[in-house]
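*Asks:* 3D model of this:
(chains A and B)
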Number of protein chains: 2
Amino acid sequence: MPAPRFPDDQTVASGGRIVLVVLDGLGGLPHPATGRTELETARTPNLDALAGRASLGMHTPVAPGITPGSGPAHLSIFGYDPTVHVVGRGALSALGVGLELEPGDVAARLNLATFDADGNVVDRRAGRPSDDEARRVVARLRDELTPPDGVRIDLEVEKEHRVVLRIRGDGLEAAVTDTDPLVEGRPALACAAIEPGSRRTAEVVGAFLARAREILADEPALNGFLARGFAALTDIPGYRERFGLTAAAIAKYPMYRGVARLVGMEVPEVPTSNETTIDVLERCFADHDFHFLHFKDTDTRGHDGDFDGKVRAIEAVDALIPRITALGPEVIVVTGDHCTPTRMREHSWHPVPTLVASAHARPTADAFDESTCRVGDLGHMHGTDLIGHALAHAGRLVKFGA
Amino acid sequence: MPAPRFPDDQTVASGGRIVLVVLDGLGGLPHPATGRTELETARTPNLDALAGRASLGMHTPVAPGITPGSGPAHLSIFGYDPTVHVVGRGALSALGVGLELEPGDVAARLNLATFDADGNVVDRRAGRPSDDEARRVVARLRDELTPPDGVRIDLEVEKEHRVVLRIRGDGLEAAVTDTDPLVEGRPALACAAIEPGSRRTAEVVGAFLARAREILADEPALNGFLARGFAALTDIPGYRERFGLTAAAIAKYPMYRGVARLVGMEVPEVPTSNETTIDVLERCFADHDFHFLHFKDTDTRGHDGDFDGKVRAIEAVDALIPRITALGPEVIVVTGDHCTPTRMREHSWHPVPTLVASAHARPTADAFDESTCRVGDLGHMHGTDLIGHALAHAGRLVKFGA
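*Replies:* From the prediction side, this is the model:
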């Protein structure tokens, strides 16, 4: 399991098309009754056939033992070390709720909080309101708020007391301090600029937070915000610059499109289902070198602790594989961003089964599962190594040295 | 086989208990007659059962092809890259002979040497005396030496001509030069301070070496010392700080307790045998999050070239495993610090079989040996990756990113 080492000055060339199929939370743990994981249990004739013409392996998205969130995990399989390209929490939250970020936007995490008449914070999480309660209050703000000239302010509920703020306008940078005092019984802190370029952000945020207190003054519990994790779009060299690829993301959920946009992937159309994900691929296949397809249900069923449901979610993607191979991409990569074992109902740190199918593969067996991948030709990789293999199998990497 | 990359800012949490069982020099090479290694030959029903609920893998302590000494090898499996956390030779030797080091102590390696009447070195190793001869001379020095006020000087024979010096007192630092001229027929070099803070050390060492020559003037061969490898205790972030663990070392031999103390492990009691190692574990199991158990005989039999003896040493530890599992630690790690193949009678660079047993394991087979571990779910790791896996399986690592 190597450090990420795609050479900075590696020359890339034109070559074959690559399709990256991500089954979110793919890997699992053995069922106590059978000793077989979800992927080992699923009937996957199409993935097995693909494995028969693929090099197999395992990848670790961040580091041994480290359980990744979805953002860092996708960055890793896209080829970017998430411990180097740290995406700020506000930016990740914005991407997570589908608030797109453009260069110059600033995002932050807000807590709905309860303030007393003296302006002291009495509950930093406003009693953990329901999502609906939070949405009702945010809707009031959307109606009554008037942002300063030239500034756009967007709010989106993430979950319970957690709300995402995005501000857009000229002259905004993200180097401002949090307002969360971290203890109750004190007033919120002022949002202050850490660098001169962020002074306008501090002014806009300060005015917004004060106005929100006024608008919500008659609310008993959800009557103000604490703000933290201010972040702008991280400057990451995009797919075209770094890997010479025109790339597209086809993903139903905004979080995954957001991370893909971070690395310069286009979003041609937003699918609404597994099937329409392939429909979009078919329509735009000729337009890009690289297509990232995201399938969410495997992760969702993992979080539910629904072993059979995760098995079916894997089988549902398997059934779509012939439509991908029919397009004739030179390389098909199938993997997960991380494992979500149903036994754990959460993301985990375990290595993720991986397949790189191409005319240049060194196959292990006609089987795609944890026990086959761990003895595969690719060995145990870091997640960021995947892109090197994909590019190589597509004939896109120029020989290193004479 | 990764670069060590446990993130510096990884958040650790409370979680399950971890027991690290080290069979020193565990891995081996195939017996020419059977093709099976020592571990593959040993009957290990308890380790095999543990493997059946463990993730398996191989670790490389330092780097591919590099044969480690015991100090660096243990640092690695404790989670500290031994090429980064370099422990000075004098400090390692002091730990090796059981001279404990406290902050401010300075240790060095001494050679017993033969000087002629003009003060020239005529034999840098004093004819390689027996350990007993060296001990006799060191005993004379202990009797007759009067250290300067406020300074304590300790000497311990390491082996043959090699003696360890520890000086303790205020205002001592280790930046002083060696006195070994490296060639014979010349006088010893002066011990000189490289930095101002080490001037007192140079004075104390210079006076000690001169006085030793006087005391030993009537000895025909063992009549002085050459000093080198001056070192103080290396400043390493300890287990509590780095990994959030209260840790204890249970090891019969001082070297291993010494390295464990370097990383902040406590030494609750010193066992006298394999069995009392487990007795101590049972007594102090509730007091720490992490227990390191060291078993030496596998390495000793390896150095002896005694294949059957090493097999029996492995089986002896196997017999103790039920007493460990009975305590119910959430994670049991079994590995070696390095390989000591009996065919080589020395440490070697080969990957070391490793087992991480927990409720979250992805097992390979009910077998713990080289051929099973190399196709295990953990792949080929760096030794320093082991702690990340152990912490993850104990539920002690917070998710990385949202």
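*Asks:* Surely A:Ile77 touches A:Thr335?
*Replies:* Yes. Between A:Ile77 and A:Thr335 there is a contact under C-beta atoms under 8 Å: 6.4 Å. C-beta here means a position set from N, CA and C on the backbone, and glycine is covered the same way.
*Asks:* Low-confidence stretches in the stretch 151-300 of chain A?
*Replies:* Within the stretch 151-300 of chain A, no stretch has pLDDT under 70.
*Asks:* So which residues of it form helices?
*Replies:* Assigned by DSSP state H, counting those that start in this stretch, the helices in the stretch 151-300 of chain A fall at A:199-215, A:239-243, A:254-262, A:274-284, A:297-304.
*Asks:* tell me the angle of the last one relative to helix A:274-284?
*Replies:* Comparing the axes of helix A:297-304 and helix A:274-284 via axes from the mean of the first three to the mean of the last three C-alpha atoms, to 10 degrees yields an angle of 150 degrees.
*Asks:* Which strands or helices does helix A:297-304 pack on?
*Replies:* Applying 3 or more C-beta pairs under 8 Å, 6 or more residues apart in numbering or on different chains; DSSP states H and E, one finds that helix A:297-304 contacts helix A:307-318.
*Asks:* next helix or strand past the helix it packs on?
*Replies:* Helices and strands here follow DSSP states H and E; after helix A:307-318, the next one along the chain is helix A:321-325.
*Asks:* Let's see that following helix as PDB, backbone CA atoms only.
*Replies:* The C-alpha coordinates for helix A:321-325 follow below in PDB (Å, rounded to 0.1, in the frame of the first residue of the first chain):
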ATOM      1  CA  ILE A 321     -22.700  -3.400 -16.700                       C
ATOM      2  CA  PRO A 322     -23.600  -4.700 -20.200                       C
ATOM      3  CA  ARG A 323     -24.900  -1.300 -21.200                       C
ATOM      4  CA  ILE A 324     -21.500   0.200 -20.200                       C
ATOM      5  CA  THR A 325     -19.400  -2.500 -22.000                       C
END
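*Asks:* can I get the helices of the stretch 151-300 of chain A in JSON lines with mean neighbour count and distance to A:Leu101?
*Replies:* Shown next, in JSON lines, are the helices of the stretch 151-300 of chain A (neighbours: other C-beta atoms under 10 Å in any protein chain shown; distance: least, C-beta to C-beta, whole Å):
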{"stretch": "helix A:199-215", "mean neighbour count": "19", "distance to A:Leu101": "14"}
{"stretch": "helix A:239-243", "mean neighbour count": "19", "distance to A:Leu101": "17"}
{"stretch": "helix A:254-262", "mean neighbour count": "23", "distance to A:Leu101": "7"}
{"stretch": "helix A:274-284", "mean neighbour count": "17", "distance to A:Leu101": "22"}
{"stretch": "helix A:297-304", "mean neighbour count": "21", "distance to A:Leu101": "23"}
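*Asks:* excluding its backbone neighbours, what's nearest A:His303?
*Replies:* Spatial nearest neighbour of A:His303, chain neighbours left out: A:Arg345 (5.7 Å); criterion: C-beta to C-beta, 6 or more residues apart in numbering or on different chains.
*Asks:* likewise A:Gly302?
*Replies:* A:Thr340 (3.0 Å).
*Asks:* can you check A:Pro268 too?
*Replies:* A:Cys284 (4.4 Å).
*Asks:* Pretty sure the one you found sits against A:Pro271.
*Replies:* No. A:Cys284 lies out of contact with A:Pro271 (C-beta under 8 Å); the separation is 11.1 Å.
*Asks:* residues shared between the contacts of the two?
*Replies:* Jointly contacting A:Cys284 and A:Pro271 under the rule C-beta atoms under 8 Å, 6 or more residues apart in numbering or on different chains are A:Ile250.
*Asks:* So which residue is smack in the middle of chain A?
*Replies:* A:Gly71 (3.2 Å; C-alpha atoms, centre = their mean).
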